[in-house]
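Novice: give the three-dimensional model of this entry:
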Amino acid sequence: MELKDIKQLIQIVDAANIAEIEIEHDDFKIKIKKQSSGISLPAVEIQPPLAEADLKPRIEAGAEPQRKNQSNVVEITSPMVGTFYRAPAPDAAPYVQVGDLVEPGQVLFIIEAMKMMNEIESEYRGRIVGFLVENGESVEYGQPLIRLEIMD
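Specialist: Numbering: from 1, shown residues only. The predicted structure is shown next:
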């Protein structure tokens, strides 16, 4: 593991509110522990990184919208921890706006995780009702991001 990888791991641990992480591979071992703030945190299980081919099924399962009050409005949730972006670049137009009609397979937003940009696609045909997070905001797994009115 190179120094830049270790620095990136430290940043990820800090951003994820993880108190401690230990990684061991062959003869390499690293343990990162934050200073205690006096607050007891629950244990967090760290999953190994997924290969790109394994990411798509995880995104589809993690992005499963939650129906609200049995209406035709769903919340699209974050499939991973990362940073939410509405556009492919800072100077580019957003993928979607409030009021836009979207089709299944259409990119709605990007979640940046570990320097990888993950395009999240709609599973439904519908209209964007609203955004629940701001562009550039850190998001958690399962956090609602967009409200979508499903159209049959």
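
Novice: from now on I want contacts and neighbour counts done on CA atoms only, so please keep to that.
Specialist: Noted.

Novice: domain parsing for this structure?
Specialist: For the chain, automatic domain parsing gives the domain ranges 1-46, 52-150.

Novice: reformat those as a markdown table; add mean pLDDT and mean neighbour count.
Specialist: Written out in a markdown table, the entries for these read as follows (pLDDT from 0 to 100; neighbours: other Cα atoms under 10 Å):
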| stretch | mean pLDDT | mean neighbour count |
| --- | --- | --- |
| domain 1-46 | 65 | 11 |
| domain 52-150 | 83 | 17 |
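
Novice: now the strands: where do they sit in the chain?
Specialist: 20-25, 28-33, 66-67, 73-77, 82-85, 101-102, 107-113, 116-121, 126-131, 138-139, 144-150 (DSSP state E).

Novice: relative to the second one, what are the paired strands and their orientations?
Specialist: The sheet places strand 28-33 alongside strand 20-25 (antiparallel), with pairing taken from DSSP bridges.

Novice: got the contact list for the strand it pairs with?
Specialist: If you take Cα atoms under 8 Å, 6 or more residues apart in numbering as the criterion, strand 20-25 is touched by 13, 29-34.
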